[in-house]
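Novice: attaching a predicted model along with its sequence, questions to come.
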Amino acid sequence: MHIAYLEENKERFLNELFELLRIPSISADSKFANDVRKTAEFVKTKMQQAGADKVVIEETTGYPIVYGEKIKDPSLPTILVYGHYDVQPSVPDELWTSPAFEPEVRNGKIYARGACDDKGQMYMHLKAFETMMQTNSLSCNVKFMIEGEEEVGSTNLSVYVKNNKEKLKADVVLISDTGMIANDTPSIDVGLRGLSYVEVELTGPNRDLHSGVYGGAVGNPINILCDMISSLHDENRHITIPGFYDKVNELSSDDRESLNKAPFDLENYKKDLNIDEVMGESGYTTLERTGIRPTLELNGIWGGYTGEGAKTVLPSKAYAKISMRLVPNQSSEEITRLFTDHFISIAPKSVKVKVTPHHGGEAVITPTDSIAFKAASKAMETTFGKAPIPTFGGGSIPIVALFEKELGLKTVLMGFGLDSDAIHSPDEHYGLFNFYKGIETIPYFYKYYAEMML
């Protein structure tokens, strides 16, 4: 019955998603603050219209959290649905084929910032909930917690969760902010990496200098920064920070063999990215490098003159943003400290170094023998026609560890995106197939979870 309702309302669901995607809810840039709050109001309205009760905008010291619930019967299991309505910056905007906040469909895909991460995936849950309400098929209680700061570290969410444990009481957390292998190969993430994100600042002379008068006699912060960053990996792409790998557990050969059985075509991978060769830590496959190994990547670097034409300047300062993906047993706080100590120690005396931590989170592993995972697996098998493959996700969702620590809840990571969806990049997109398949599949999770729990 719910599939018939979905078919009847596909166009409206898509039009509503387009409304949501048009709002530039960029949490990292304060000039979009009003748009972020406007998005929270939009989510609140749609949650109410879908049939949720007690829908409120919960204020934090940052951007608000939208909460709503439907307690059908206290004896039924309760699902806590988490998602986020904020998005990454759209820059560089000139690299988008169509404007980032003017969504359009091309080749069966929705192109817009947030189409996949996470507006499209979050909105699937509201429409699946509406569908279950309208077809009288809601089989579980549900609580929604949709935040606006995921892309900047979810700092205020942790405070909210700690202060509202009774309100958020549930049996399992359900999140669609991950992906799957392919549209014909469903999968469910059973692990996510942690994160340590820092910004570094190098200061040399007390002002920008003439590169002819002073060049070759004074340390150039940009040159020095490049040297320092380059030294963070050795010739085998092994991270050189002392102690970085101390708590990394090596997987057994059997576990590594099992991981590499997941469908993966290296040539297609390279073709999709238009690269001639992959690059990473020696001794590991691409699937291992992106799932079970820690990494250190430069996310941005700047300094000096970058405008049009030439300006012969030796800059006073240079900056970089660096992210480190972590695996279970690594502590984000400890890794941030190890990085900071090491980075300061390798700087020459010609510059001063400042390291500013931004945000972090811990790696997680979710069980495959739980009722929730079995329900999710059965739901995807019902709609895809084949059982999903357990996979390790390369990204980070720090709040998954938070939910387990503060609420005692495990999480099901039932995402419908694809690695090729260009999240965080120009031309981010999300397949119409994936959007509708999510709305179709989520009610089956409720159904099977209720049946298995009762």
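Specialist: Nice, I can see it.
Novice: so how far is the first residue of stretch 389-408 from its last?
Specialist: From its first residue to its last, stretch 389-408 covers 26 Å (CA to CA, to the nearest Å).
Novice: and the lowest-mean-pLDDT helix or strand in the chain, what does it pack onto?
Specialist: Across the helices and strands of the chain, mean confidence by mean pLDDT, DSSP states H and E is lowest for helix 253-259: a mean of 88. Counting contacts by 3 or more CB pairs under 8 Å, 6 or more residues apart in numbering; DSSP states H and E, helix 253-259 packs against helix 286-289. For the C-beta atoms, the positions are set from N, CA and C on the backbone; glycine is no exception.
Novice: tell me the helix or strand right after the helix it packs on.
Specialist: The C-terminal neighbour of helix 286-289 among helices and strands, as given by DSSP states H and E, is strand 295-303.
Novice: pairing partners for the helix or strand that that following strand is followed by, with directions?
Specialist: Counting by DSSP H and E, the next helix or strand C-terminal to strand 295-303 is strand 313-314. Sheet pairing of strand 313-314 (DSSP bridges) gives strand 209-210 (antiparallel).
Novice: and the closest residue to F129 other than its chain neighbours, what does it touch?
Specialist: Once flanking residues are discounted, F129 sits nearest to A50: 5.2 Å by CB to CB, 6 or more residues apart in numbering. A50 makes contact with 126-127, 129-130, 133, according to CB atoms under 8 Å, 6 or more residues apart in numbering.
Novice: got CSV for those, with pLDDT and distance to A28 too?
Specialist: What follows is the contacts of A50, written out as CSV (pLDDT from 0 to 100; distance: CB to CB, whole Å):
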residue, pLDDT, distance to A28
L126, 98, 24
K127, 98, 27
F129, 98, 29
E130, 98, 31
M133, 98, 34
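Novice: wait, which of these is closest to Y269?
Specialist: Distance to Y269 across the contacts of A50 (CB to CB) is lowest for K127, with 32.0 Å.
Novice: kindly state the domain boundaries assigned to the chain.
Specialist: 2-192+363-453, 194-248+294-361 (automatic domain parsing).
Novice: check for me that Q48 belongs to a strand.
Specialist: No. Per DSSP: H, G, I helix; E, B strand; the rest coil, Q48 lies outside any strand segment and is helix.
Novice: neighbours of the nearest residue to it once chain neighbours are set aside, just the number please.
Specialist: Distances taken as CB to CB, 6+ apart place V55 nearest to Q48, at 4.7 Å, with adjacent residues excluded. By other CB atoms under 10 Å, the residues close to V55 number 20.
Novice: doesn't V55 lie inside a strand?
Specialist: Yes. Under three-state DSSP, V55 sits within a strand.
Novice: for the stretch 201-350 of the chain, which spans come out with low pLDDT?
Specialist: Within the stretch 201-350 of the chain, no stretch has pLDDT under 70.
Novice: in the stretch 151-300 of the chain, which spans are strands?
Specialist: Along the stretch 151-300 of the chain, counting by DSSP state E, counting those that start in this stretch, strands occupy 172-175, 187-192, 194-203, 209-210, 295-303.
Novice: quick one: buried residues of the third one?
Specialist: Pointing back at strand 194-203 there. 194-198, 200-202 (16 or more other CB atoms under 10 Å).
Novice: how much space separates the residue nearest to F129 from L6?
Specialist: 13 Å (CB to CB, to the nearest Å).
Novice: any residues in contact with both of those two?
Specialist: Each of K127 lies in contact with both A50 and L6 under the rule CB under 8 Å, 6+ apart.
Novice: and the closest residue to D35 other than its chain neighbours, its phi and psi?
Specialist: With sequence-adjacent residues excluded and distances taken as CB to CB, 6+ apart, D35 is closest to P24, at 4.9 Å. Backbone geometry at P24, expressed as degrees, to the nearest 10, gives phi -80, psi 80.
Novice: which residues does L338 contact?
Specialist: 241-244.
Novice: repeat that for I371.
Specialist: Here I371 is in contact with 449, 452-453 (CB under 8 Å, 6+ apart).
Novice: ends of stretch 24-31, what's the gap?
Specialist: Terminal-residue distance, stretch 24-31 (CA to CA): 10 Å.
Novice: could you identify which of the domains of the chain is most buried?
Specialist: Highest mean neighbour count of these: domain 2-192+363-453, a mean of 19 (counted as mean count of other CB atoms under 10 Å).
Novice: so how far is that one off the chain centroid?
Specialist: The chain centroid and the centroid of domain 2-192+363-453 are separated by 11 Å under CA atoms, centre = their mean, to the nearest Å.
Novice: output the contacts of I371 as TSV; include the columns distance to H2, secondary structure and pLDDT.
Specialist: Below are those laid out as TSV (distance: CB to CB, whole Å; DSSP: H, G, I helix; E, B strand; the rest coil; pLDDT from 0 to 100):
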residue	distance to H2	secondary structure	pLDDT
Y449	15	helix	98
M452	19	helix	97
M453	20	helix	95
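Novice: let me know the closest of those residues to K321.
Specialist: For the contacts of I371, the nearest to K321 is Y449 (39.8 Å; CB to CB).
Novice: among the contacts of A50, which are in helices?
Specialist: Counting by DSSP state H, these place 126-127, 129-130, 133 in helices.
Novice: between those residues, which is nearest D35?
Specialist: The closest of those to D35 turns out to be L126 (CB to CB; 19.4 Å).
Novice: quick one: contacts for that closest one?
Specialist: 43, 46-47, 50, 144.
Novice: pLDDT and distance to C226 for those residues - can I get that in CSV?
Specialist: Formatted as CSV, those follow (pLDDT from 0 to 100; distance: CB to CB, whole Å):
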residue, pLDDT, distance to C226
V43, 98, 43
K46, 98, 47
M47, 98, 48
A50, 98, 51
F144, 98, 46
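Novice: what's the most distant pair in the buried residues of strand 194-203?
Specialist: Applying CB to CB across the buried residues of strand 194-203, the maximum distance is between G194 and L202, 26.5 Å.
Novice: dihedrals phi and psi, the closest residue to K54 other than its chain neighbours?
Specialist: Leaving aside its sequence neighbours, K54 sits nearest to E69 (CB to CB, 6+ apart; 5.5 Å). Torsion angles at E69 (phi, psi; degrees, to the nearest 10) stand at phi -150, psi 160.
Novice: roughly how far does E69 sit from E308?
Specialist: Taking CB to CB, one finds E69 at 54 Å from E308.
Novice: hang on, the earlier thing: what's the closest of the contacts of A50 to I344?
Specialist: When these are compared against I344 (criterion: CB to CB), the nearest one is L126, at 46.8 Å.
Novice: ok, P89 to E151 distance?
Specialist: The separation that P89 has from E151, given CB to CB, amounts to 9 Å.
Novice: host element of the nearest residue to S158 once chain neighbours are set aside?
Specialist: Nearest non-adjacent residue to S158, counting by CB to CB, 6+ apart: L402, 5.4 Å away. Take DSSP H and E as the rule and L402 turns out to sit in helix 399-402.
Novice: do the same with M145
Specialist: strand 141-147.
Novice: show me what that strand is packed against.
Specialist: So strand 141-147, by 3+ CB pairs under 8 Å, 6+ apart, packs with helix 33-50, strand 65-70, strand 78-84, helix 119-134.
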